[in-house]
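# missing the sequence, but the structure's below:
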């Protein structure tokens, strides 16, 4: 399974980066191949200063070795070995009318000291962080997510949509990071879903990503915007940074397992503002967004 899934994310990385370069029309992805001393490595691809994308990364990695003590405590296990692979992407567009997007699809195995597999699971998801709320864009993104889920179980979309709303919640701000999407973790074999079936599900979601995001970018990338709207984008990006550094488990896992710092922190936007006690004008488009972030809602029937 680990070889099969790693081959999938290699091919998915190629497909996504090719489409994003075409969409940008100016910038190309820079590729870094890196090795982890304890075992494994990855292929980082970063795009910067493009016509559409100010900064973005589409990274794959496969790392293995003894599980670090901090992660043993987190997973409530003793001395075990692990294997983890996945694709993680974040795209920060230049135009504040185009939303930031994040996605991640991953696979994890754990072994005893004899090398026997004692646990395995999939996780992942995709979520949208707009700066200006276009309700039809939110509905489109969520509909694509729902369509992928509905091919497997009708309960998946509402369950994983709720988990996404719960996970990407900036509790210290009492607001969501964005308008959500899907979030799932610890997807393990059961009587209903074999590990092979979970592979089919996760790859279905991965394959849906470009359809979920690209039409939104195409619709919004050439819209006019003001300096004030750009400032709002940078202030909201600050909340994105706060979530990733304070709450995000993927960032924590990477830092605790001696991951590659540049790849872990590629999710951070290049231009950010923290304005003291900032509040948008009552009745403004900025306030409209904040109200939705403070009370997440449904986007599809």
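Perfect, thanks for sending it. The shown structure was predicted, so the numbers you read here are calculated from the model rather than taken from an experiment.
# give the buried residues for the helix or strand hosting residue 10.
Residue 10 is part of helix 2-24, with elements assigned from DSSP states H and E. For helix 2-24, a neighbour-count test (16 or more other Cβ atoms under 10 Å) marks 2, 5-6, 8-9, 12-13, 16-17, 20-21, 23-24 as buried. (Each C-beta comes from the backbone N, C-alpha and C, glycine too.)
# just put those residues in TSV and tack on distance to residue 220 and pLDDT.
Below are the buried residues of helix 2-24 laid out as TSV (distance: Cβ to Cβ, whole Å; pLDDT from 0 to 100):
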residue	distance to residue 220	pLDDT
2	38	96
5	33	98
6	34	98
8	30	98
9	28	98
12	24	98
13	24	98
16	19	98
17	21	98
20	15	98
21	19	98
23	12	98
24	14	98
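# of those, closest to residue 144?
Residue 144 lies nearest to residue 16 out of those, by Cβ to Cβ, at 14.7 Å.
# if we can go back for a sec, want to throw the buried residues of helix 2-24 into CSV with distance to residue 138?
Conversion of the buried residues of helix 2-24 to CSV gives the following (distance: Cβ to Cβ, whole Å):
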residue, distance to residue 138
2, 35
5, 30
6, 33
8, 28
9, 27
12, 24
13, 26
16, 21
17, 25
20, 21
21, 26
23, 20
24, 23
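# which pair of these spans the longest distance?
Farthest pair in the buried residues of helix 2-24 (Cβ to Cβ) is 2 and 24. Separation: 32.3 Å.
# the next helix or strand after the helix holding residue 10 pairs with which strands, parallel or anti?
Reading on from helix 2-24 to the C-terminus, the next helix or strand found by DSSP H and E is strand 30-35. Strands that pair with strand 30-35, judged by DSSP bridges, come out as strand 40-48 (antiparallel).
# and after the partner strand, which helix or strand comes next?
From strand 40-48, the next helix or strand downstream (DSSP H and E) is strand 53-66.
# and the angle for that following strand with strand 30-35?
Using axes from the mean of the first three to the mean of the last three Cα atoms, to 10 degrees, the direction of strand 53-66 lies 10 degrees away from that of strand 30-35.
# direction included, what does strand 53-66 pair against?
According to DSSP bridges, strand 53-66 has the following sheet partners: strand 40-48 (antiparallel), strand 81-93 (antiparallel).
# and that strand, how far out from the chain middle?
Between the centre of strand 53-66 and the centre of its chain there are 11 Å (Cα atoms, centre = their mean, to the nearest Å).
# since that was my last question, I'll sign off now.
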